[in-house]
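**Q** sequence isn't available, so here's the structure alone:
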């Protein structure tokens with residue numbers, strides 16, 4: 001069994017343990033498959049694989065009992081349950097401390113954008129189990145303390161469809177290409193894209209698919225057709241905001257995951273920006289009124305800070321992208337001066353001149369109106 005199949009089996013087994021342990025009566029193969037499907041663990045699965053997972057539980061010490069029950073159609077079917085005793089003791093809810101329960105309750109708020117998905121259900125089910133062993137007084141105390149912590153801006157709950165997120169997660173886990181209908185900011189209607197998804201990224205209250213676009217297959221010729229496996233993916237990592245994804249469907253076409261993890265690719269980014277152009281070195285002076293802010297934030301994850309005698313700081317950034325840095329620098333206005341590279345100094349000067357012209361033109365118009373009126 002390869003690593004992907006083993007990973008999928010372990011995921012199913014953990015869900016089977018929870019399903020069987022919480023069931024009030026033995027469950028048939030069909031009932032187990034329905035519940036796994038409801039949780040987004042599987043779409044389709046053979047009866048043989050479910051039986052193999054049950055054998056896995058028996059092999060590793062769980063007291064699985066096989067019985068018979070009548071199905072909805074009236075036929076007699078095999079059914080399974082986990083008996084109290086060996087294997088069930090390991091599932092007894094552990095003791096929980098107040099800080100642990102409080103932390104889980106706050107973590108659920110952070111996961112609000114994923115409401116309705118198995119991520120959200122998982123932490124909600126865990127909290128529900130822990131709440132069964134907590135006293136009412138303890139739960140009231142947790143809620144009272146939680147009121148003193150604010151998450152701003154508060155993520156929107158149930159923002160994304162569970163089925164779509166589950167489909168994206170399956171494509172990432174199984175390393176298969178994903179077909180999406182996506183509307184970029186420049187488009188009015190969604191377009192179809194094929195991407196190689198690497199990760200789901202939660203950033204600033206929204207969910208993004210990090211992946212590489214796949215070039216469409218070549219047109220048919222008289223003698224041959226270019227296969228999908230022969231098509232190339234973009235070299236630049238892209239981020240597709242899930243708010244703009246109308247549909248997502250995993251394909252059967254596998255791909256090889258990038259050698260560079262998404263976490264490493266984002267190490268040079270202030271936000272979740274990526275560019276096909278190589279990053280460059282920046283040297284920036286930040287004046288005293290904003291010096292502490294750029295150190296605490298920080299302004300860039302890869303910055304090195306050199307304090308100056310006048311209270312300003314100089315930031316040395318070895319790898320940064322121009323198209324991401326320029327808007328961030330403009331946001332600091334006259335509190336920042338770019339020392340390197342020189343061409344960015346010129347680019348900021350041109351932007352400042354255009355901004356000044358907007359406001360100067362307004363004052364000129366007001367002056368002309370007064371002169372004409374006088």
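**A** Ah, there it is. Only a predicted model underlies this, so the values are computations on that prediction, with no experimental measurement involved.

**Q** give me the neighbour count for residue 245.
**A** 23 (other Cβ atoms under 10 Å). Quick note: C-beta positions are derived from backbone N, CA and C, even for glycine.

**Q** touching, it and residue 209? I think so.
**A** Yes: between residue 245 and residue 209 there is a contact under Cβ atoms under 8 Å: 7.3 Å.

**Q** what residues do the two have in common as contacts?
**A** The contact sets of residue 245 and residue 209 overlap at residue 180 (Cβ atoms under 8 Å, 6 or more residues apart in numbering).

**Q** give the buried residues for stretch 191-201.
**A** Using 16 or more other Cβ atoms under 10 Å as the test for burial, stretch 191-201 gives 193, 194, 195, 196, 197, 198, 199, 200, 201.

**Q** got CSV for those residues, with pLDDT, distance to residue 336 and secondary structure too?
**A** Formatted as CSV, these follow (pLDDT from 0 to 100; distance: Cβ to Cβ, whole Å; DSSP: H, G, I helix; E, B strand; the rest coil):
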residue, pLDDT, distance to residue 336, secondary structure
193, 95, 37, strand
194, 96, 41, strand
195, 96, 36, strand
196, 96, 37, strand
197, 96, 36, strand
198, 95, 33, strand
199, 93, 32, strand
200, 91, 33, strand
201, 90, 28, strand
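
**Q** what is the most widely separated pair among those?
**A** With Cβ to Cβ as the measure, no two of the buried residues of stretch 191-201 lie farther apart than 194 and 201, at 19.3 Å.

**Q** for residue 209, see how far away the spatially closest residue to residue 184 that is not a sequence neighbour is.
**A** Distances taken as Cβ to Cβ, 6 or more residues apart in numbering place residue 244 nearest to residue 184, at 6.9 Å, with adjacent residues excluded. For residue 244, the distance to residue 209 equals 10 Å [Cβ to Cβ, to the nearest Å].

**Q** of these two, who's got more company?
**A** Between residue 244 and residue 209, residue 209 has the larger neighbour count (other Cβ under 10 Å), namely 24 against 16.

**Q** and that one, backbone torsions?
**A** Per-residue torsions, residue 209: phi -100, psi 120 (degrees, to the nearest 10).

**Q** quick check: residue 196 touching residue 174?
**A** No: contact criterion Cβ under 8 Å: residue 196 and residue 174 do not qualify, at 11.8 Å.
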